[in-house]
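A.B. asks: Curious how this folds, go ahead:
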Amino acid sequence: MKKQSVQVRPITLLPTPMGCGMFLSDGEKVILMYIDPSIGASMNDVLREEEPPRPQSHDFFHTFMESMGAEMIGAYIVREEDEVFYASATFQMKNEVMGKKIVQLDCRPSDCISMAVRADIPIFFIKEVWERQPDMSHLLEELKKQIDEGDE
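C.D. replies: Numbers count the residues shown, from 1 in each chain. Below is the predicted model:
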């Protein structure tokens with residue numbers, strides 16, 4: 001699947017009128033995905049390497065998986081319909097009871113990306129889906145400028 005995909009990374013999360021805007025980039029283009037503000041705040045903590053006072057849901061799930069001998073090995077944004085993105089997360093489990101097993105689960109992109117950031121694994125968009133997205137670099141620059149002007 002990697003040959004037919006584009007590796008991306010979250011570059012910033014900003015408040016917008018539509019909620020939390022998560023900007024993702026492949027190094028050439030920037031796209032915008034809206035996510036729940038609480039997930040955005042939690043992901044910002046991870047990206048800034050700050051530990052929350054209590055584990056958030058994604059922290060809990062990540063720790064639970066590790067304790068069960070499972071790890072996330074894939075994060076894919078697989079399609080977009082009517083401005084709604086769909087994702088798939090791949091997990092590998094190794095333990096004495098089940099041996100080795102790979103499981104792929106449908107999930108919300110924000111959950112998938114939040115887990116991938118915690119697991120420090122790459123995030124991929126299916127190439128066709130990525131290529132259909134408009135470049136939002138200009139919007140990111142506008143929002144950063146507004147934030148900088150508000151700080152003055």
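A.B. asks: contacts, neighbours, all on C-alpha from now
C.D. replies: Noted.
A.B. asks: From the contact counts, what lies against the helix or strand residue 34 falls within?
C.D. replies: In this structure, residue 34 sits in strand 30-35 according to DSSP states H and E. Secondary-structure packing of strand 30-35 (3 or more CA pairs under 8 Å, 6 or more residues apart in numbering; DSSP states H and E): strand 19-25.
A.B. asks: strands paired with the strand holding residue 34, and their directions?
C.D. replies: strand 19-25 (antiparallel) (DSSP bridges).
A.B. asks: Mind listing residues that contact the partner strand?
C.D. replies: 8-15, 30-37, 40, 140 (CA atoms under 8 Å, 6 or more residues apart in numbering).
A.B. asks: picking that back up, the inter-axis angle of the helix or strand following the strand holding residue 34 versus strand 19-25?
C.D. replies: Next along the chain after strand 30-35, taking DSSP H and E as the criterion, comes helix 37-47. Orientation note: helix 37-47 sits at an angle of 40 degrees relative to strand 19-25 (axes from the mean of the first three to the mean of the last three CA atoms, to 10 degrees).
A.B. asks: list the buried ones in helix 37-47?
C.D. replies: Buried positions in helix 37-47, judged by neighbour count with 16 or more other CA atoms under 10 Å: 37, 39-40, 42-44, 46-47.
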